[in-house]
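Chemist: Dropping the sequence and predicted coords here.
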Amino acid sequence: MITGSCIRHGAHTETKRSVRMKWKATARAAHLAAIAAVLCLGVGTMFADPVPSSEDGETGPVQAKLDALNEESNSQVPPALLEAGRQGNKELKASGILDHALKVGATMPAFTLDDANGNSVSSSDLLAKGPLVVIFYRGAWCPFCNLYLSSVQKYLPEIETQGATLVAISGERPDRSLSVEQTNSLSYPVLSDPDLTAARQFGIVYELPTVVNDAITAVGFDMAKYYGTEKAELPLSATYVIDSDGTVAYAFATVDYKVRAEPKDFLAALSALGQKR
């Protein structure tokens, strides 16, 4: 904790200016944690199909990181915001959105989206190369999304070894997608889905519950303005494995942003596709 007008590191004394910068960075981190915590906190409802975890009931390696981040972020968020998140998450669970999410055996809807550099990327071109792994995430403001995307990066060689392509998709503009790529040192494409058109076709878009939208507005975050949309909407956190013919081979979606698909599970789905050939 920083106290007084300066802090010391050995023989060096930081200036008041650098301390102020650290305070601002800390405040911004807490602000982002508050926003993230209130947006879907609590229930943990999800579906994951068709590959069960080999560590049923245990926390996998990526999930362990997310759990640690959750514990840390909860300590920074006022109880009132946490409660708003829990209420909103109950409403989201009750809405039945997971019933409408794309499932195994369905055909992936076609999409054409811009990458972080403004280049057009079509699902047909991606599938022409082989199977496709698609990750939907909420945005650069979500620390859980950033942690997950950077964790999946480590599995990219295994994904490519199986002849598959990996892409991540959010409703953010290409410039923010570029920021996500650079910040998390990603070497796979991050695509921009304005108006959440592709996510909507996957059946995973929801409007923020009023209690949640009011809470994040109160801490200075306008979701609709941020995304340039009429309504405050987000995609569920979701991961799909698509066979080269467009058939969904693995589907994972959750109303709890703190829970994500374990890479070992979608890698197993890719391996199963390879064994069919």
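Modeler: Looks like it arrived, so ask away. Numbering: from 1, shown residues only.

Chemist: Now Ser271: closest residue in space, sequence neighbours ignored.
Modeler: For Ser271, the nearest residue in space outside its immediate sequence neighbours is Gln162; the separation is 6.5 Å by C-beta to C-beta, 6 or more residues apart in numbering. Yep, even glycine has a C-beta here, placed from its N, CA and C like the rest.

Chemist: how close does that neighbour sit to Gly246?
Modeler: When distances are taken as C-beta to C-beta, to the nearest Å, Gln162 and Gly246 turn out to be 18 Å apart.

Chemist: mind listing what's buried in stretch 172-186?
Modeler: Along stretch 172-186, the positions that meet the burial threshold by neighbour count (16 or more other C-beta atoms under 10 Å) are 172-174, 176-178, 180-181, 184, 186.

Chemist: Next: stretch 156-172.
Modeler: 156, 159, 162, 164-172.

Chemist: ends of it, how far apart?
Modeler: In terms of C-alpha to C-alpha, to the nearest Å, the two terminal residues of stretch 156-172 are separated by 23 Å.

Chemist: pLDDT on that stretch, on average?
Modeler: In this model, stretch 156-172 has a mean pLDDT of 97.

Chemist: and what of stretch 124-138?
Modeler: Confidence over stretch 124-138, taken as the mean pLDDT, stands at 98.

Chemist: Residues touching that stretch, excluding its own?
Modeler: Stretch 124-138 is touched from outside by 39, 108, 110, 123, 145, 148-149, 152, 159, 162-170, 199, 202, 204, 234-246, 249, 257, 261, 266, 270, 273, with contacts defined as C-beta atoms under 8 Å, 6 or more residues apart in numbering.

Chemist: mind running it again at 7 Å?
Modeler: With C-beta atoms under 7 Å, 6 or more residues apart in numbering as the test, stretch 124-138 has contacts from 110, 145, 148-149, 152, 159, 163-170, 199, 204, 234-244, 246, 257, 266, 270, 273.

Chemist: Please list only the buried members of those residues.
Modeler: When neighbours are counted using 16+ other C-beta under 10 Å, these contain these buried positions: 145, 148-149, 152, 159, 164-170, 199, 204, 234-244, 257, 266, 270, 273.

Chemist: Sketch out the helices for this protein, chain order is fine.
Modeler: Assigned by DSSP state H, the helices in the chain fall at 16-40, 61-74, 79-94, 97-100, 123-128, 143-153, 156-161, 174-183, 197-201, 210-218, 223-227, 263-276.
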